[in-house]
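>>> Everything below, folded, please.
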Amino acid sequence: MAIQKWSDNITVVELGEDPQFTEDMVSLMDGLAEKSSDVVLNFSTVGFVNSSDISKLLRLRKVLINARRRLILCGVGAQVWGCSW
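Numbers count the residues shown, from 1 in each chain. Prediction:
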């Protein structure tokens with residue numbers, strides 16, 4: 001699993017391609033109840049995000065906002081953003 005407790009206040013998730021992306025997001029959401037940390041999602045190895053993945057990200061964002069925690073995205077490539085530059 002690619003979920004690491006980086007410090008008491010930060011959880012880092014090294015996301016991968018599906019189905020690993022889905023498994024990591026489900027594990028993260030299941031563990032959020034016992035954690036009170038900000039979440040950093042590393043997209044450096046993700047080449048594609050589908051609508052189901054976007055739905056999971058939005059759900060995670062809502063949970064973190066309600067808990068007054070931050071969601072930080074890093075390593076997002078141009079292909080994931082949908083840019084052709």
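
>>> Quick check: pLDDT value at the closest residue to residue 45 other than its chain neighbours.
Spatial nearest neighbour of residue 45, excluding adjacent residues (Cβ to Cβ, 6 or more residues apart in numbering): residue 16 at 5.4 Å. For the C-beta atoms, the positions are set from N, CA and C on the backbone; glycine is no exception. Residue-level confidence at residue 16 comes out at 88, pLDDT.

>>> mind listing what residue 16 touches?
With Cβ atoms under 8 Å, 6 or more residues apart in numbering as the criterion, the residues that contact residue 16 are 2, 24, 45, 46.

>>> Next, count neighbours for the first one.
What it means is residue 2. The number of residues packed near residue 2 is 16, by other Cβ atoms under 10 Å.

>>> what sits against it?
When contacts are counted by Cβ under 8 Å, 6+ apart, residue 2 is found next to 13, 14, 15, 16, 20, 24.

>>> For burial, what's the neighbour tally of residue 75?
Residue 75 has 14 neighbouring residues, counting by other Cβ under 10 Å.

>>> and if you look at the one 4 residues further on?
The burial count assigned to residue 79 is 12, neighbours taken as other Cβ under 10 Å.

>>> Would you agree it is in contact with residue 44?
No - look at residue 79 against residue 44 with Cβ atoms under 8 Å: they stay out of range, at 11.9 Å.

>>> that older thread, output the contacts of residue 16 in CSV, with distance to residue 65 and pLDDT appended to each entry.
CSV is the format used below for the contacts of residue 16 (distance: Cβ to Cβ, whole Å; pLDDT from 0 to 100):
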residue, distance to residue 65, pLDDT
2, 23, 80
24, 20, 88
45, 26, 91
46, 22, 90
